[in-house]
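1. structure, please.
(one chain, ligands or ions: 1)
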Amino acid sequence: MPNRIQAGAIIALASAIIALVLAGWLITPFDDNPAPLSDMQKSLGVGPRVSQLARQLAGVAGLQNPLTSSTSTAQPSFSHRNNFNTTSSFKEAVQHRRSIYQLTKKSPIADDRIKEILTTAIEDVPSSFNSQSARLVVLLKEEHTKFWDIVTEILKALVPEDKWKHTGDRLDGFKNAYGTVLFYEDPDPIHDLQKKFPEYADKFPQWSEHTSAMHQYMLWTAFESEGLGCNLQHYNPLPDERAAAEWKIPLEWSLKAQLVFGEPQEGAREGLAEKSRKPVEDRLKIYGM
Ligand SMILES: Cc1cc2nc3c(=O)[nH]c(=O)nc-3n(C[C@H](O)[C@H](O)[C@H](O)COP(=O)(O)O)c2cc1C
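-> Residues are numbered from 1 along each chain as shown. Here you go, the predicted structure:
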């Protein structure tokens with residue numbers, strides 16, 4: 001019975017995400033149609049925006065760095081297993097989600113439970129016109145390590161030696177986790193909808209990004225509520241072709257994001273710095289109450 005309740009609440013969570021995304025909360029920066037690869041990019045096994053991306057990753061990777069600090073801001077204590085049972089628990093789940101970078105190669109829940117949550121995501125997270133364009137590739141344990149080895153190998157060839165330590169340490173952090181969810185969008189259902197509803201043709205790629213973001217947020221929040229720590233990465237398009245070859249992923253699928261997850265290192269969650277928050281009144285307007 002608790003499983004049914006949890007599953008129902010996860011579905012409620014997925015539905016609630018619509019409101020957040022429609023509010024323009026989640027934006028992914030990459031387009032759907034990467035330019036053809038140059039010979040050099042092909043030989044490196046990387047995509048067209050790699051040089052720019054490599055510079056960004058090497059130079060400003062700190063921009064999205066963990067909000068960890070030595071100032072301990074304790075989070076409210078949280079029951080990982082039963083938090084989807086009530087409305088207030090849903091609120092707790094949303095409030096509890098953070099970016100956690102200090103992870104381990106362990107999971108507090110069984111792989112079957114991870115699969116159950118992933119299945120709920122793929123079955124019940126909504127998409128525009130019910131396109132169901134999201135595709136998830138989930139890498140656990142050695143497969144996860146293999147993915148981050150690929151990213152490391154590609155970046156090592158691109159990042160200047162003097163910038164490597166920062167980048168390498170960051171990648172080691174991701175590698176030292178339990179798994180990664182790769183979020184793809186399949187362009188076929190999008191193209192079909194564009195043909196069927198030409199009046200919305202220019203909107204479907206954007207809505208495809210939205211449904212991907214909904215899957216990302218639903219899984220991030222659901223995983224964290226089960227005691228996993230997560231962080232969201234965007235190393236695409238660097239590993240796209242190598243990943244496609246390694247895990248037999250159609251090359252047409254467009255990689256949008258990578259959710260790294262694992263049991264947090266001891267004290268990692270408690271050591272997170274309080275987030276800076278812009279004034280709510282500047283960002284939320286309610287009329288009619
Ligand atoms: C659309 C989106 C893209 C993000 N991209 C990255 C990223 O590429 N790398 C990263 O480390 N964090 C990334 N983040 C995490 C944000 O930096 C983080 O969520 C934000 O600073 C708030 O911190 P919190 O997650 O602890 O609440 C992203 C988050 C969102 C919603």
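2. who in the stretch 151-289 of the chain is up against the ligand?
-> N231, L232, Q233, H234, K275 (C-beta under 6 Å from any ligand atom). Glycine gets a C-beta too; all of them are placed from N, C-alpha and C.
3. ok, which pair from those is furthest apart?
-> H234 and K275 (19.8 Å; C-beta to C-beta).
4. tell me which of the residues of the stretch 151-289 of the chain next to the ligand is nearest to R98?
-> Nearest to R98 among these, with distances taken as C-beta to C-beta, is K275, at 7.8 Å.
5. measure the closest one to S99 for me?
-> Distance of K275 to S99, given as C-beta to C-beta, to the nearest Å: 9 Å.
6. tally of neighbours for the residue of the stretch 151-289 of the chain found nearest the ligand?
-> Nearest residue of the stretch 151-289 of the chain to the ligand: H234, at 4.0 Å (C-beta to the nearest ligand atom). The burial count assigned to H234 is 17, neighbours taken as other C-beta atoms under 10 Å.
7. excluding its backbone neighbours, what's nearest it?
-> Nearest residue to H234, sequence neighbours excluded (C-beta to C-beta, 6 or more residues apart in numbering): A257, at 5.7 Å.
8. now do the contacts for A201.
-> Q194 (C-beta atoms under 8 Å, 6 or more residues apart in numbering).
9. got the phi and psi for it?
-> Dihedral pair for A201: phi -50, psi -40, per degrees, to the nearest 10.
10. can you check which strand is longest in the chain?
-> When the chain is parsed with DSSP state E, its longest strand is strand 254-262.
11. what is the rounded mean pLDDT of that strand?
-> Per-residue pLDDT over strand 254-262 has a mean of 98.
12. now do stretch 229-242
-> Averaging pLDDT along stretch 229-242 yields 97.
13. now do the end-to-end distance for it.
-> This stretch, stretch 229-242, spans 26 Å end to end (C-alpha to C-alpha, to the nearest Å).
14. what's the answer for stretch 178-198, then?
-> One end of stretch 178-198 to the other measures 43 Å (C-alpha to C-alpha).
15. which elements pack onto the helix or strand harbouring F174?
-> F174 is part of helix 161-175 when elements are defined by DSSP states H and E. Here helix 161-175 touches helix 50-59, helix 142-156, going by 3 or more C-beta pairs under 8 Å, 6 or more residues apart in numbering; DSSP states H and E.
16. quick check: angle from it to helix 142-156?
-> Angle of helix 161-175 versus helix 142-156, following axes from the mean of the first three to the mean of the last three C-alpha atoms, to 10 degrees, is 170 degrees.
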